[in-house]
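Visitor: 3D, please:
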Amino acid sequence: MQVKIRFFTILREKIGQKEKVLCFPEVKKVTIYLVLETLSQIYGRPFVDYVYEEKTHEVKGFLQFLINGKSATSIAGLETQLENNDVLAIVPPVGGG
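Guide: From the prediction side, this is the model:
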């Protein structure tokens, strides 16, 4: 199973990539949480510092996760199960005015 992850703005700058394809050949249930943990291992401190709260290690509330353009919040949050060839976008807050 593979999932494409798209990075935007500051996170893109911190890790130096706009997208990454992850393969999970032996895993039957791939969730957003599993993808984030895998990305943490690949990109280390810059990724971890941007995505997780330092003290609690919980995912920062300002981040949005879109699966094929649909908000994971409306599905099952970080426990949303991904399917083969899904596109997961990690979206920072959007400001305007």
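
Visitor: ok now do the closest residue to Phe62 other than its chain neighbours, which residues does it touch?
Guide: Using CB to CB, 6 or more residues apart in numbering and skipping residues adjacent in sequence, the residue nearest Phe62 is Pro93, 4.6 Å away. Quick note: C-beta positions are derived from backbone N, CA and C, even for glycine. Counting by CB atoms under 8 Å, 6 or more residues apart in numbering, Pro93 makes contact with Phe62, Leu63, Gln64.

Visitor: Using the three-state scheme, assign Pro93.
Guide: coil (DSSP: H, G, I helix; E, B strand; the rest coil).

Visitor: average model confidence for stretch 22-31?
Guide: Here stretch 22-31 scores 92 as its mean pLDDT.

Visitor: typo on my end, it should be stretch 61-71
Guide: pLDDT averaged over stretch 61-71 gives 95.

Visitor: What's the end-to-end length of it?
Guide: Taking CA to CA, to the nearest Å, stretch 61-71 runs 14 Å from one end to the other.

Visitor: Check which residues of it are buried.
Guide: Phe65, Ile67 (16 or more other CB atoms under 10 Å).

Visitor: Stretch 21-34 too?
Guide: Applying 16+ other CB under 10 Å to stretch 21-34 flags Leu22, Phe24, Val30, Thr31, Ile32, Leu34 as buried.

Visitor: Kindly check the end-to-end length of that stretch for me.
Guide: First-to-last distance for stretch 21-34 - CA to CA - comes to 14 Å.

Visitor: got it, and stretch 63-70?
Guide: Per CA to CA, the first residue of stretch 63-70 is 14 Å away from its last.

Visitor: So what does the residue nearest to Phe62 have for phi and psi?
Guide: Pro93 has phi and psi values of phi -60, psi 150 when expressed as degrees, to the nearest 10.
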